[in-house]
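>>> give me coordinates for this.
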Amino acid sequence: MALQNKKEELLVTWRALGSQVKERGWSTIAVSTETPCRVLAGRHFPGNEEALLFGFHASRVPPTDQLPKGHGFLVFKAEPREELDCSYVWIALCRQYAGSLDLFVTMAEDIILTLNELKHLNDDGLFHVFLTRIQQFRAS
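All right, here's what the predicted structure looks like:
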């Protein structure tokens, strides 16, 4: 059965990853090969929260307390471990327990589809668009 859209793909991926309980760290699966940056769907343990990880070659990432948060999600720099390629700066967009899964997956799909259209931008430009899209969702 073919998946109908990116939302469905993300939901199926998060369900599959939910059964791979770990003590700490990430379980991930690549979900987009069309974006100019790396995109992984994941779950962050020990809390088992749904997340998207974006891998950039960006050099300037603000401290976590300056990254967007709210409306049931959190953005933070993920420390590369054996689960993540250390040649990238990984930024996690993570749903919080009280956050709406429907809203989170809508925001996730929007960010992926937006980045798919921006192959002409360098990683610093992509990172800026990534943050801008999240801030627009937070403001709405």
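
>>> quick one: T106 and K7 touch, right?
Yes. With contact defined as CB atoms under 8 Å, T106 counts as touching K7 (7.1 Å). For the C-beta atoms, the positions are set from N, CA and C on the backbone; glycine is no exception.

>>> compare these two (neighbour count), which wins?
K7 (16 against 13; other CB atoms under 10 Å).

>>> so what are the sheet partners of the one helix or strand in the chain whose mean pLDDT sits lowest and their directions?
Every helix and strand of the chain was ranked by mean pLDDT, DSSP states H and E. The lowest is strand 69-70, at a mean of 77. Paired with strand 69-70 in the same sheet, following DSSP bridges, are strand 73-78 (antiparallel).

>>> end-to-end on stretch 36-52?
Using CA to CA, to the nearest Å, one end of stretch 36-52 lies 15 Å from the other.

>>> so what's the most centrally placed residue in the chain closest to, chain neighbours aside?
With distances taken as CA atoms, centre = their mean, the residue of the chain nearest its centroid is L52 (2.1 Å). Leaving aside its chain neighbours, L52 sits nearest to L93 (4.7 Å; criterion: CB to CB, 6 or more residues apart in numbering).

>>> the protein: helices as residue ranges?
Using DSSP state H, the helices assigned to the chain run over residues 6-18, 101-116, 123-139.

>>> which one, of those helices, ends up nearest to P80?
In terms of CB to CB, the element of the helices of the chain nearest to P80 is helix 123-139, at 15.7 Å.

>>> still on that earlier bit, what sits against the residue nearest to the centre of the chain?
Shown in contact with L52 (CB atoms under 8 Å, 6 or more residues apart in numbering): 10, 31, 39-42, 92-93, 108, 111-112.

>>> what do you get for T13?
So T13 contacts 29, 31, 41 (CB under 8 Å, 6+ apart).

>>> give me that answer again for 10 Å
Residues in contact with T13 (CB atoms under 10 Å, 6 or more residues apart in numbering) are 3, 28-31, 40-43, 50, 52.

>>> what does S87 give?
Contacts of S87 by CB under 10 Å, 6+ apart are 38, 55, 57, 80.

>>> also H57?
37-38, 87-89, 122-124, 126-127.
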